[in-house]
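Undergrad: below are the sequence and a predicted model; questions follow.
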Amino acid sequence: LKIIKLTKSQQILIMSKIKISAVLIFALISSATMFISCNNEEAEQKTEALNVEKVLFAKYKLIKSEKTNVNLSNLKSVSTFTKSDNVTEYTIENSVEKVMVITNSSKPNSYVVIKGFTNTGLEKKSSDISDFQITKELNIDIQLDSNGNGSLKVKNITDNEEFSQNLVNGKPTELANNVIATSSISFCQREESEGTKQCYLREVDEFCDGFIGCVALTQASVHILIASLCSC
């Protein structure tokens, strides 16, 4: 083998090129790491900043009640409740109708959802709901992890309908057929000839419009309320 001797200037030139290459490689790796980090941080910030109530209002004009205590003892329901059950109320803006989402204290993933109205309308301010007229009642079991993966089971007790769905990233694995956008905002989002299941699939498909809507689908409350709005 022939050994080639390099001059001192050639050695310095080669070493300089090696150093420049190393710096460039380091810079590229650092830039890529910073880009990924910034994107992840931005996604986390958007998720943390997500206000589900604002999203529900923008989509359905749903307003969460400020009531923290609702007496269920006089509610004419087929379900049985305890004092420790948690109740969350929603109304549509300027409407006398409401949706009550009742969490089973012994089964945190099980809910009773009740739609209806009070005979005395908007003037009724008391927490006594003995005059509340139930129009629909549902049992909903939903289990979601932080990424929106899990399962949903809906039983419409009033109409004797039920269906189940697997959820991935907050979306049903079963696709909606013949999606028709609903422009009206009311407590009934179901289109003519649709069942509760078909309405739910369509509404979820419409709901996932843009980043915020899709992220909101990782929240159990969104699926519960969509299912309730499809029980007409």
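TA: It's in.
Undergrad: C-alpha only now, for contacts and for neighbours.
TA: OK.
Undergrad: can you give me the helices for this structure?
TA: With DSSP state H, the ranges of helices along the chain come out as 8-49, 52-60, 196-207, 211-216, 220-229.
Undergrad: quick check: angle from the third one to helix 52-60?
TA: Compare the direction of helix 196-207 with that of helix 52-60 by axes from the mean of the first three to the mean of the last three CA atoms, to 10 degrees and you get 100 degrees.
Undergrad: what is the least confident helix or strand in the chain?
TA: Lowest on mean pLDDT, DSSP states H and E among the helices and strands of the chain sits helix 8-49, with a mean of 53.
Undergrad: okay, now the unreliable bits of the protein?
TA: 1-50, 68, 120-130, 176-187, 190 (pLDDT under 70).
Undergrad: try it again at 80.
TA: Filtered on pLDDT under 80, the chain yields the residue ranges 1-50, 67-71, 73-74, 84, 93-95, 105, 118-131, 175-194, 209-212, 232.
Undergrad: who touches stretch 94-107?
TA: 81-82, 84-92, 109-118, 121-122, 187, 228 (CA atoms under 8 Å, 6 or more residues apart in numbering).
Undergrad: the closest residue to residue 119 other than its chain neighbours: how many residues sit nearby?
TA: Nearest non-adjacent residue to residue 119, counting by CA to CA, 6 or more residues apart in numbering: residue 131, 6.1 Å away. Residue 131 has 14 neighbouring residues, counting by other CA atoms under 10 Å.
Undergrad: I'd like to know how far residue 131 sits from residue 76.
TA: Here residue 131 is placed at a distance of 9 Å from residue 76 (CA to CA, to the nearest Å).
Undergrad: do residue 223 as well
TA: Residue 223 is 25 Å from residue 76, by CA to CA.
Undergrad: who has more neighbours, those two?
TA: residue 223 (21 against 14).
Undergrad: list the contacts of the more buried one.
TA: Here residue 223 is in contact with 204, 217 (CA under 8 Å, 6+ apart).
Undergrad: bridging residues for residue 167?
TA: Residue 167 forms beta bridges with residue 150, residue 172, as assigned by DSSP bridges.
Undergrad: doesn't residue 145 make contact with it?
TA: No. Look at residue 167 against residue 145 with CA atoms under 8 Å: they stay out of range, at 10.1 Å.
Undergrad: which non-adjacent residue is nearest residue 91?
TA: Nearest residue to residue 91, sequence neighbours excluded (CA to CA, 6+ apart): residue 98, at 4.4 Å.
Undergrad: correction: the previous question concerned residue 88.
TA: residue 101 (5.2 Å).
Undergrad: nearest residue to residue 87 other than its sequence neighbours?
TA: residue 102 (4.5 Å).
Undergrad: ok, now residue 116?
TA: Closest residue to residue 116 apart from its sequence neighbours, by CA to CA, 6+ apart: residue 134 at 4.4 Å.
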